[in-house]
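Participant: pasted the sequence and its predicted model underneath.
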Amino acid sequence: MKTSLIIFLSILCFILIVSIFIVILKKKMSLKYSLLWLIFALMFLLSLIFHGLIEKFAKFLGFEVASNMVFLIGFLLLMSITFALTSIISMQKEKIVLLTQELAILKKKVKELDERDYL
């Protein structure tokens, strides 16, 4: 890999890491959900630093070209992120349904209490 490409991708990786920290500091994303993105960015940075090891590991696993292994790893990471977000959305949906039901019950009780007070 050319040195200029490594430098360019390293700069992009640092921009990603800084962006993640800015989003965390502005409280637009919780630390719990941003850890996955931080781990992904750090793994990307490490793969840039030790790109020779990745090529050797790819050959060991039987990949003809190291980029095929990188694409597979990237695809698997994106699938794991999608799975994690889907499970979070499912849990949030259940909580919203429960909260909506509890709110409806409370509104009904308040209405009944108001009607009793008027009588």
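Facilitator: Cool, the structure landed. Residues are numbered from 1 along each chain as shown.
Participant: quick check: Leu98 vs Thr86, distance?
Facilitator: Distance of Leu98 to Thr86, given as C-beta to C-beta, to the nearest Å: 19 Å. For every residue, glycine as well, the C-beta is placed using N, CA and C.
Participant: quick one: low-confidence parts of this structure?
Facilitator: 1, 119 (pLDDT under 70).
Participant: for it, which helix is longest?
Facilitator: Looking across the chain with DSSP state H, the single longest helix is helix 66-118.
Participant: elements contacting it?
Facilitator: helix 31-49, helix 51-61 (3 or more C-beta pairs under 8 Å, 6 or more residues apart in numbering; DSSP states H and E).
Participant: buried residues in the shortest one, which are they?
Facilitator: Along helix 51-61, these residues count as buried under the neighbour rule (16 or more other C-beta atoms under 10 Å): 51, 54-55, 58.
Participant: what would those look like in JSON lines with distance to Ser90?
Facilitator: Below are these laid out as JSON lines (distance: C-beta to C-beta, whole Å):
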{"residue": "His51", "distance to Ser90": "38"}
{"residue": "Ile54", "distance to Ser90": "35"}
{"residue": "Glu55", "distance to Ser90": "39"}
{"residue": "Ala58", "distance to Ser90": "35"}
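Participant: between those residues, which is closest to Lys111?
Facilitator: Ile54 (64.8 Å; C-beta to C-beta).
Participant: just checking, the closest one touches Met69?
Facilitator: Yes. Ile54 lies in contact with Met69 (C-beta atoms under 8 Å); the separation is 7.2 Å.
Participant: thinking Asn68 is in contact with Lys59, fair?
Facilitator: No. Contact criterion C-beta under 8 Å: Asn68 and Lys59 do not qualify, at 11.1 Å.
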